[in-house]
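Engineer: Structure for this input, please:
(2 chains)
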Amino acid sequence: MPVIEVSDLRKVYGQRVAVDGLSFTVEPGEIFGVLGPNGAGKTTAVECIGGLRQRDGGAIRVAGMDPADEGGAFRELVGIQLQESRLPDKMSVGEALDLYASFYSAPHDPAELLERLGLIEQRKTYFARLSGGQKQRLSVALALIGNPKVAILDELTTGLDPVARREVWDLLEDLRGTGVTLLLVSHFMEEAERLCDRVIVIDHGRIIAADTPEGLAASVQADQKMSFVPSAPFDLAVLRALPDVHSVSITAERVVVTGTDNVASAVIIALHERSISVGRLRVDQPSLDDAFVALTSDDEEAVAPERTAVR
Amino acid sequence: MSQDTLTHRGTVVRLFPRISWRAARAMLASEGRLLARNPGVVIWTAVLPVAAAIILGSIPAVRRPSADLGGLSFFQVYQPILVFFAITLLAMQALPDVLTRYREMGVLKRLRTTPVSPALLLLAQLTLILSVAIVCMVLMVVIPPLGGAPWPRNVVGFVITYLLGAWALLGLGMVIASLFHNAKVAAGFGSFLFFVMQFFAGLWIQRPNMPTWLRHISDYTPSGSAVQGLTDSSIGHWPSALHLVVLAVWGVVTSRLAIRFFTWE
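Structural biologist: Residues are numbered from 1 along each chain as shown, chains lettered A, B, ... in the order given. Model prediction:
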């Protein structure tokens, strides 16, 4: 049975439709990614799911409860880490966790949580003295201190340097298998690729794709892309004649070829027959980044004229 | 389903969903600790008026009745003004400053994600600020008599006036924190209101020396009515009904406005 069920969620601000009919389900223990460009409606959607905003339409069930009721029981079950939320400068890590633990009926042991999040040495450190990564880990700790079934983490790694970002990712990977369901809002494809079991991509308040990160990447860019430096000049028509090749172009010194999954071996064999070797070969797997760009820019073109027509 | 929880009506309904005493104690302890680590505001607020009251009370000439002040002594006129100086400073500056900063930092919104209401944090702050103000008031009332200055003769009237005045001023501070979302703007407006309040309290022109029309205006301000109520009580009268009603009305109106307009984000 899904732990989060969203059907036809709608949220309107005045004339602007922020969330326009979202439907999806999340299974217990899953790490579920909500992706999309800035202003796509991700935060609004998860704030409705977290009971911080009242929806204008549709239905939401989180662990069998409606977030709109916003009761204490709901808050016990759902931990939320908000985008850009700070603590008082002179509150220490240990004090913050003890304080937040006092709000819940069956909290985690703060010391154990600090140990797990690698903050035990910062226990007495004031919030203002923590590094960016430590602040975000503390923020995750506060979202988890109440022993929630579901944790919503919004733009957790935005503004962190690559090292700090990896620290936070490691931590979330460790949470996999503890039974907590994570709803992760992000516009970092690398983050989703590394952590999420399934993702949805939102743009203009609508779901434009839903799949596993790998599935999504593969579905959008069907073509393999390879590039290399040939050992001697040759006629590009040789490659264009191959059935597996879709396009051939030259950039600076490299030859760039796109085609089916077999394109790399087909090209290498064809050139080998002409005694030309393939140097500094690179074959690019389609990435979630490519998928994301393709999805959101397609959408832009498709939706933009329609919007002008409406207005 | 069409109204937003962030509308004010929603906020009012959920202001006190459930009070957990464990959480309330932890919150009060935490805010108290933070205050002790940033003692600047309190020291600045308390030291000046308390020291002034004690020094004034120790000078015999200041304790003699003066015809210029309608038969009151300089001490009797200034002690209530100084008592309200401290709480006005706390209510107009310290309170809006800390609350708007907590809102800016997202502390109030983060509390909304937990089983306790952010209202608990407001209550903890109000409790702390009122406690600091009361300690200042007690020091200003208890220490000067050790040097020979008079006690307030009507202690009950004095305490009633003080509490009603504190309610009106803290309510006004909450209104500032509700109307301004930028901590710096709130602090600026708080300073302005502080000087307005002190003017009507009689810091520069004592109430007995105000022109009649000005004294009438002063009667309807929280600081003017509170200072007159305290002065009446310290010379043994009861505060006039007008002044108590004015304070209660300010208390009710500002509290309602603050509850109506205060937002968590």
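
Engineer: hey, where'd the strands end up in chain A?
Structural biologist: For chain A, the strands defined by DSSP state E cover A:4-13, A:16-26, A:31-35, A:57-62, A:78-81, A:150-154, A:181-186, A:198-203, A:206-211, A:224-230, A:245-251, A:254-259, A:278-284.

Engineer: how about those strands, which one is nearest residue B:121?
Structural biologist: Closest of these to residue B:121 is strand A:78-81, at 16.9 Å (criterion: Cβ to Cβ). Every C-beta, even on glycine, is put in place using the N, C-alpha and C of the backbone.

Engineer: Is the closest one in proximity to chain B?
Structural biologist: Yes - using Cβ under 8 Å from any Cβ of the partner chain, we find that strand A:78-81 touches chain B at A:78-80.

Engineer: Might you list the low-confidence residue ranges for the chain?
Structural biologist: Since no chain was named, I'll use chain A. A:70, A:220-222, A:298-311 (pLDDT under 70).

Engineer: that's the wrong chain, I meant chain B
Structural biologist: Looking at chain B by pLDDT under 70, you get B:1-19.

Engineer: Give me the longest helix you can find in it.
Structural biologist: Identified as the longest helix of chain B according to DSSP state H is helix B:119-146.

Engineer: Which secondary structure elements does whichever helix or strand comes after that helix sit against?
Structural biologist: Counting by DSSP states H and E, the next helix or strand C-terminal to helix B:119-146 is helix B:155-179. Secondary-structure packing of helix B:155-179 (3 or more Cβ pairs under 8 Å, 6 or more residues apart in numbering or on different chains; DSSP states H and E): helix B:74-89, helix B:95-105, helix B:119-146, helix B:183-201, helix B:222-234, helix B:241-261.

Engineer: rewinding a little: I'd like the strands of chain A as TSV, with mean neighbour count appended.
Structural biologist: Shown next, in TSV, are the strands of chain A (neighbours: other Cβ atoms under 10 Å in any protein chain shown):
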stretch	mean neighbour count
strand A:4-13	18
strand A:16-26	18
strand A:31-35	26
strand A:57-62	18
strand A:78-81	26
strand A:150-154	24
strand A:181-186	24
strand A:198-203	24
strand A:206-211	18
strand A:224-230	18
strand A:245-251	14
strand A:254-259	19
strand A:278-284	13
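
Engineer: that older thread, just the angle between the longest helix of chain B and helix B:241-261, please?
Structural biologist: 150 degrees (axes from the mean of the first three to the mean of the last three Cα atoms, to 10 degrees).

Engineer: is chain B contacted by stretch A:115-130?
Structural biologist: No - Stretch A:115-130 lies apart from chain B when judged by Cβ under 8 Å from any Cβ; the minimum separation is 8.6 Å.

Engineer: and that stretch, how far from the chain's centre?
Structural biologist: Averaging C-alpha positions (Cα atoms, centre = their mean, to the nearest Å) puts stretch A:115-130 26 Å from its chain's average.

Engineer: Buried residues, that stretch. List them.
Structural biologist: Buried residues in stretch A:115-130, counted by 16 or more other Cβ atoms under 10 Å in any protein chain shown: A:116-117, A:119, A:122, A:125-127, A:130.

Engineer: Which residues does it contact?
Structural biologist: With contact meaning Cβ atoms under 8 Å, 6 or more residues apart in numbering or on different chains, stretch A:115-130 is reached by A:86-94, A:96, A:111, A:114, A:134-135, A:137-138, A:140-141, A:167, A:171, A:174.

Engineer: Could you turn the buried ones of the residues you listed into a ChimeraX selection?
Structural biologist: Those of the contacts of stretch A:115-130 that count as buried under 16+ other Cβ under 10 Å are selected in ChimeraX with:
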select /A:86,87,88,90,91,92,93,94,96,114,134,135,137,138,140,141,167,171
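
Engineer: quick one: which of the contacts of stretch A:115-130 sit in helices?
Structural biologist: A:93-94, A:96, A:111, A:114, A:134-135, A:137-138, A:140-141, A:167, A:171, A:174.

Engineer: one step back: quick one: closest of the helices and strands packed on helix B:155-179 to residue A:183.
Structural biologist: Closest among those, using Cβ to Cβ: helix B:95-105, at 23.6 Å.

Engineer: Give the other helices and strands that the closest one contacts.
Structural biologist: helix B:119-146, helix B:155-179, helix B:183-201.

Engineer: what about residue 108, how many neighbours?
Structural biologist: No chain in the question, so chain A it is. Using other Cβ atoms under 10 Å in any protein chain shown, residue A:108 has 19 other residues around it.

Engineer: should've been chain B
Structural biologist: 21.

Engineer: Then residue A:66?
Structural biologist: Other residues close to residue A:66 by other Cβ under 10 Å number 14.

Engineer: Setting aside sequence neighbours, what's the nearest residue to it?
Structural biologist: Leaving out its chain neighbours, the residue that sits closest to residue A:66 by Cβ to Cβ, 6 or more residues apart in numbering or on different chains is residue A:60, at 6.4 Å.

Engineer: For that neighbour, give me its contacts.
Structural biologist: A:4-7, A:9, A:48-49, A:66-68.

Engineer: What is the nearest of those to chain B?
Structural biologist: residue A:68 (7.3 Å; Cβ to the nearest Cβ).

Engineer: distance of that closest one from residue A:206?
Structural biologist: Using Cβ to Cβ, to the nearest Å, residue A:68 is found at 22 Å from residue A:206.

Engineer: Repeat that for residue B:154.
Structural biologist: Residue B:154 is 70 Å from residue A:206, by Cβ to Cβ.

Engineer: can you check residue B:255 too?
Structural biologist: 44 Å.

Engineer: Around the closest residue to residue B:239 other than its chain neighbours, count how many other residues there are.
Structural biologist: Nearest residue to residue B:239, sequence neighbours excluded (Cβ to Cβ, 6+ apart): residue B:229, at 3.5 Å. Neighbourhood size, residue B:229 [other Cβ under 10 Å]: 27.

Engineer: Hmm, residue B:229 is touching residue B:157, no?
Structural biologist: Yes - applying Cβ atoms under 8 Å as the test, residue B:229 and residue B:157 come out as touching, 7.3 Å apart.

Engineer: Identify the contacts common to the two.
Structural biologist: Joint contacts of residue B:229 and residue B:157 (Cβ under 8 Å, 6+ apart) are residue B:239.

Engineer: where does residue B:31 land in three-state SS?
Structural biologist: Using DSSP: H, G, I helix; E, B strand; the rest coil, the structure places residue B:31 in helix.
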